[in-house]
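**Student:** what would the 3D arrangement of this be:
(2 chains)
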2 protein chains.
Amino acid sequence: MNEFSLIQKYFEQLTTQRDDVELGIGDDCALLIPLPNHAIAVSIDTLVEGIHFFADVAPENLGYKSLAVGLSDLAAMGAQPAWFTLALTLPEVNDTWLKKFSQGLAKLANEHNIQLVGGDTTEGPLTISIQVHGFVDQTKTMRRSNAKLGDMIYVSGTLGDAGAALQQKLQQLNDDKLNSDDIRYLQQRLEQPTAQIALGQQLLGLATSAIDISDGLLVDLEHILDRSNVGARLNLDNLPLSKALTKINHKVALALALHSGDDYELCFIVPPQHYAEIEKRFKGQVTRIGMITDDDGIYYIDDNDKLIELTGIGYEHFAN
Amino acid sequence: MNEFSLIQKYFEQLTTQRDDVELGIGDDCALLIPLPNHAIAVSIDTLVEGIHFFADVAPENLGYKSLAVGLSDLAAMGAQPAWFTLALTLPEVNDTWLKKFSQGLAKLANEHNIQLVGGDTTEGPLTISIQVHGFVDQTKTMRRSNAKLGDMIYVSGTLGDAGAALQQKLQQLNDDKLNSDDIRYLQQRLEQPTAQIALGQQLLGLATSAIDISDGLLVDLEHILDRSNVGARLNLDNLPLSKALTKINHKVALALALHSGDDYELCFIVPPQHYAEIEKRFKGQVTRIGMITDDDGIYYIDDNDKLIELTGIGYEHFAN
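**Tutor:** Numbers count the residues shown, from 1 in each chain, chains lettered A, B, ... in the order given. All right, here's what the predicted structure looks like:
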C-alpha cells in the first residue's frame, strides 16, 4: 500500500487550507506556526472496528465521528481547532469507502476550520487514530483539577441519547413509543455527535473545569472529582433528557443519562461568582445538575430524602 | 480496558519531564508551550503487527523502534524533539509486555529529551501509532521541493543493513561469511535503528532537502526528485556499506543498499556552495553518492560506461 499517495489522493485537498500551515501533507513532517501567547492543546483518540463502531457503519458517518471525538476533547479545553493528523489502518484500498470516509471527515473539518496536515495509511484491521491540535489562551484554561467545594455542576445539551440509539440498534430498548423521527434523531446523536466547540470557548474564564462526556456522565465526572479531591451531589430530576428519551421508560432514560457514553456533551464546573452569568448567557443550552461537595463519591437524594451513593452503582440498578 | 489508568500506570512518569509541558497526561488534552519563532514539526506513523514487525519481536525493541521511526522524521526536518503521543491498540493487558514496551520507549525518549504528553489505549489487534512534535527554526528549513540541478546527493551511515537483517531472519540471505558479531550488528540495525537527530539539526543551513530512508534509498530519493522536478545520477561504487555487508555477495549488498528500507539514515541534498563544509565537518559520517540532474528518473553508469535507469528496476535485477 503506497501510503504517500493514498493520503494525498483522498485527503490533501479536502479540508480547509490555513495560513498557519507552512508545510502540509507530503514531507517527512508538517510544519505548523503556533499562535503567539497561546498553548497548543493536543489529544489523540483511536477508534477500532468492533469495539467503537459496527462493521456496517456508513463510512461518511465514521469519518465524521472519528474527527468529532477529537474535536470534543478540544471543546473540553476551550481550544480553537487548528490542525489534525490521521493514522488510518485499512484491510484493503476501497475507493468508494475512502471517498465517503474522507467526505464525512472533511464536512466536519471545514465546519470547524481545522486542516488535515499529515497522516499515515497502513494495511491491517480497520483502525482510525486522529490527533487534534488547537490553541488555548494561556491565561484562561479549564482543568480537571480545579473543582472546589460549593461549585455548581453543569452539562450541555441532553444526555443518554447516543446510549439509547445503541440499545435501539441492538434491539435492547423498548421503543414502542418512539416514532421514526425520534429514532432518526437518536441515530444521528450516535453517529454524528456534535462537538461543543463554540460553547467550550465561551466557557473560558467562567468555568474552571470541563470534560466531554464520552464514557458516561458518572465516569467522566469522576475524573474531575478524582483530580480535584472533591465529591458531588446530583439532582436526578434535573438531568436533561431529549424529547425522545422522555417517551421511553423513565428509569431506563435516567440510567442511560447517568451511564451511557458517546453523547460528547460537556460537563463543567462553575464557581459561585459565575453562576448568574452562566444561567443568563446559556439559558436553554446548559443545565445545572448538581454541586461539588466534600463527600467521597457522587450522591443523590432519593424520593424518601435518603442520600444514596451513585458511584459504583451500575446501569442495571437504575434501569430495572 | 481503562485507557486512562493504563497510560498513567505504564507511561506517565517514564519519560523526561519538560518545562514546556503545561499539562501532560490525564486531562482531555495536553497543553504545550511552543518555542517562540519556531515552527512545530509533526509526524504520525503507525506500526502494525505482521506488517511492520514480527509477532515475536522483543517488546522493549518494539517500544524503541516505534519511537525511533518518528524521531527519524524529525531528523529529516532538522527538528529538535519535544513531545510525543502514543495510540496503542492491544489484544490484551499484559503487564510484563507493557512494562518492557514502555521501558524500550522511555530509553530512547530520554536520550532525546522528548516527553510523552498524551495517549489512548484501546482493545484490538496490536497497532502502535506515535505522533512526534519538534521545533524548527522558521528561517532554516529543509524541504523535499528544494533540490536543484548540480546539487550533490549525500547519505549518512551505511545502507542495506536492516534489509540484510530481515533477509537473514527469514533465511533468505547467504550468511556463510558473517560471524555472530556481524549478525548481532545487523539485527540491532533492524530492531533499534538510530534516528539521525543531531545530524539533522547540524545540516540546517547547509542541506536544502532531506528525507529519512524508511522505504529504501531509491523510493525515498524519488520523493525528493518528484517534489523538486529533477532527476539524479548515482555512483554505485560510492554506496556506503557496513563491514558486515562487504562480506556478503556484492550484488546482493548493492541491491539491499538501493532497495531495502528501515535503515533510517538520512538522504540529503547539498548545493554547490556548501559541498566543502559538508565534506569537512561530517567526514566519515556521510557519503556523497551522486548528483542532481535534469534527467527524468534515477540513473547510474555501468561498467561499460553505459547510462542505466535505476527507477523501476527492482531488487531482483541487482541481486541476481
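
**Student:** what's the average pLDDT for stretch A:293-309?
**Tutor:** In this model, stretch A:293-309 has a mean pLDDT of 91.

**Student:** now the helices for chain A?
**Tutor:** A:3-11, A:59-77, A:95-111, A:161-169, A:180-191, A:197-203, A:217-228, A:243-247, A:250-259, A:275-281, A:315-319 (DSSP state H).

**Student:** residues in contact with the fourth one?
**Tutor:** Among residues not part of helix A:161-169, those counted as contacts by Cβ atoms under 8 Å, 6 or more residues apart in numbering or on different chains are A:54, A:173, A:175, A:178, A:183, A:185-187, A:189-191, A:193, A:216, A:242, A:244-245, A:248, A:253, A:256, A:259-264. C-betas here are computed from N, CA, C, even on glycine.

**Student:** of these, just the buried ones, PyMOL syntax please.
**Tutor:** Burial among the contacts of helix A:161-169 is assessed by 16 or more other Cβ atoms under 10 Å in any protein chain shown; the matching PyMOL selection reads:
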select buried, chain A and resi 173+175+178+183+185+186+187+189+190+191+193+216+242+244+245+248+253+256+259+260+261+262+263+264
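
**Student:** rewinding a little: and the helices of chain A, which is most packed in?
**Tutor:** helix A:59-77 (a mean of 26; mean count of other Cβ atoms under 10 Å in any protein chain shown).

**Student:** mind listing what residue A:182 touches?
**Tutor:** Residues near residue A:182 by Cβ under 8 Å, 6+ apart: A:175, A:243, A:244, A:247.

**Student:** mind pulling up the pLDDT for the closest residue to residue A:23 other than its chain neighbours?
**Tutor:** Of all residues not flanking residue A:23 in the chain, residue A:31 sits nearest, at 4.0 Å (Cβ to Cβ, 6 or more residues apart in numbering or on different chains). We have a pLDDT of 95 for residue A:31.

**Student:** what residues does the stretch 51-200 of chain A put near chain B?
**Tutor:** A:51-52, A:73-74, A:76-77, A:79, A:83, A:85-87, A:89, A:117-120, A:122-125, A:127, A:129, A:131-134, A:136, A:138, A:141, A:143-144 (Cβ under 8 Å from any Cβ of the partner chain).

**Student:** just to revisit the earlier point, could I get the helices of chain A as TSV with mean pLDDT?
**Tutor:** Below are those laid out as TSV (pLDDT from 0 to 100):
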stretch	mean pLDDT
helix A:3-11	72
helix A:59-77	96
helix A:95-111	94
helix A:161-169	95
helix A:180-191	96
helix A:197-203	97
helix A:217-228	95
helix A:243-247	97
helix A:250-259	95
helix A:275-281	96
helix A:315-319	74
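
**Student:** can I get those in TSV with distance to residue B:296?
**Tutor:** Formatted as TSV, the helices of chain A follow (distance: least, Cβ to Cβ, whole Å):
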stretch	distance to residue B:296
helix A:3-11	19
helix A:59-77	37
helix A:95-111	29
helix A:161-169	54
helix A:180-191	48
helix A:197-203	47
helix A:217-228	57
helix A:243-247	62
helix A:250-259	63
helix A:275-281	63
helix A:315-319	65
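
**Student:** out of these, flag the one nearest residue B:206.
**Tutor:** helix A:3-11 (26.2 Å; Cβ to Cβ).

**Student:** domain assignment for chain A?
**Tutor:** What automatic domain parsing lists as the domains of chain A is A:3-137, A:144-309.

**Student:** from the centroid of chain A, which residue is nearest?
**Tutor:** Nearest residue to the geometric centre of chain A (Cα atoms, centre = their mean): residue A:264, 2.7 Å.

**Student:** next one: stretch A:111-130 to chain centre, how far?
**Tutor:** Distance of stretch A:111-130 from the chain centroid (Cα atoms, centre = their mean, to the nearest Å) equals 18 Å.

**Student:** ugh, wrong one, stretch A:160-176
**Tutor:** Distance of stretch A:160-176 from its chain centroid, counting by Cα atoms, centre = their mean, is 19 Å.

**Student:** same check, this time on stretch A:265-277
**Tutor:** Per Cα atoms, centre = their mean, the centroid offset for stretch A:265-277 relative to its chain is 18 Å.

**Student:** cool, stretch A:244-258 as well?
**Tutor:** 20 Å.

**Student:** show the end-to-end separation of that stretch, please.
**Tutor:** 16 Å (Cα to Cα, to the nearest Å).

**Student:** picking up where we left off before, just send the contacts of residue A:182 back as a markdown table, with distance to residue A:24 too.
**Tutor:** Output for the contacts of residue A:182, formatted as a markdown table (distance: Cβ to Cβ, whole Å):
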| residue | distance to residue A:24 |
| --- | --- |
| A:175 | 45 |
| A:243 | 43 |
| A:244 | 41 |
| A:247 | 47 |
